[in-house]
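A.B. asks: Dropping a prediction and its sequence here:
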Amino acid sequence: MILVSTEVVHGRTITETLGLVRGSAVRAQHVGRDVMAKLKNLVGGELDEYTKLVAEAREQALDRMTAEARARGANAVVGVRFTSSEVTDGAAEVLAYGTAVRLG
Amino acid sequence: MSERAPTRDELLAMAYVDDELERGAREEFERRLAAEPVLRREVSALRRLEVLARSAAPPEIEDHEWAALARDPAQRGTLAAGWILAVLGLCGLAGYGLYALGASVAPLVVKLFLGAFLLGGTALFLAVLRARLRILPHDPYRDVQR
């Protein structure tokens, strides 16, 4: 499965467009990591607990989008984008979406 | 890393994770997956590896500093002591709160409602914890760092 953020895959031809595919994930850390992150807020620097949290959600959203594309018979997703929002405090929501296509 | 040749099931699991099985073989494998915990663990481990490989970022300058800090006895000791004291304090406060409530002149019905609330909250927490622990070995995203 080829995933690209561009509208075309260089050197390949899109033979069929299969529509929008998306995957989202909302994940939370356990309270221990939350406490440490809040304490790090006092001194600054990277909140690696939350970096990890967002990365987990990003990978899961990507996998769900890919699974939907595969179920439609696609072999690539073009125009892949990520977006995020805040559903609840201390959780990360990531939505990955793109257009499933079949490449010749 | 083992040097032995992969078994047929391990090869099948790899092909399954890489989406290389034909439809019939895939369905047959999924039937086995539903019935065989060993196979499920194998697939989970491969999925974790796949996710890790995809999300692996080159090391950053500060990575070795973080690693050194995590190994530092003073840092580890401070963290451990901090957590132990915080949890002990929290448990003590909760225990004292319960004792104070029991000894208070609050009406029995209030005590019963509060007891039911605490018991219900504990039961819900245990249910959530049980579900998380059940899913944890099959969660391929828990090792993703950034």
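C.D. replies: Everything's here; your move. Numbers count the residues shown, from 1 in each chain, chains lettered A, B, ... in the order given.
A.B. asks: contacts and neighbour counts: CA atoms only from here.
C.D. replies: Will do.
A.B. asks: buried set for the one helix or strand residue B:30 maps to?
C.D. replies: With secondary structure defined by DSSP states H and E, residue B:30 is part of helix B:23-35. When neighbours are counted by 16 or more other C-alpha atoms under 10 Å in any protein chain shown, the buried residues of helix B:23-35 are found to be B:26, B:29, B:33.
A.B. asks: Go ahead and confirm the first one touches residue B:17.
C.D. replies: No. Under the criterion of C-alpha atoms under 8 Å, residue B:26 lies out of contact with residue B:17, with a separation of 10.1 Å.
A.B. asks: Just the CA atoms of the top helix by length along chain A, as PDB, please.
C.D. replies: Determined from DSSP state H, the single longest helix within chain A is helix A:48-71. What follows is helix A:48-71, C-alpha atoms only, in PDB (Å, rounded to 0.1, in the frame of the first residue of the first chain):
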ATOM      1  CA  ASP A  48       7.400  13.300  25.700                       C
ATOM      2  CA  GLU A  49       4.500  11.600  27.400                       C
ATOM      3  CA  TYR A  50       2.200  13.500  25.100                       C
ATOM      4  CA  THR A  51       4.500  13.200  22.100                       C
ATOM      5  CA  LYS A  52       4.200   9.500  22.500                       C
ATOM      6  CA  LEU A  53       0.400   9.700  23.000                       C
ATOM      7  CA  VAL A  54      -0.100  11.600  19.700                       C
ATOM      8  CA  ALA A  55       2.300   9.300  17.900                       C
ATOM      9  CA  GLU A  56       0.300   6.200  19.000                       C
ATOM     10  CA  ALA A  57      -2.900   7.800  17.800                       C
ATOM     11  CA  ARG A  58      -1.400   8.900  14.500                       C
ATOM     12  CA  GLU A  59      -0.100   5.300  13.800                       C
ATOM     13  CA  GLN A  60      -3.500   3.800  14.700                       C
ATOM     14  CA  ALA A  61      -5.400   6.200  12.600                       C
ATOM     15  CA  LEU A  62      -3.100   5.600   9.700                       C
ATOM     16  CA  ASP A  63      -3.600   1.800  10.100                       C
ATOM     17  CA  ARG A  64      -7.400   2.200  10.100                       C
ATOM     18  CA  MET A  65      -7.300   4.400   7.000                       C
ATOM     19  CA  THR A  66      -5.100   1.800   5.300                       C
ATOM     20  CA  ALA A  67      -7.400  -1.000   6.300                       C
ATOM     21  CA  GLU A  68     -10.400   0.800   4.800                       C
ATOM     22  CA  ALA A  69      -8.500   1.400   1.600                       C
ATOM     23  CA  ARG A  70      -7.400  -2.200   1.400                       C
ATOM     24  CA  ALA A  71     -11.000  -3.400   1.900                       C
END
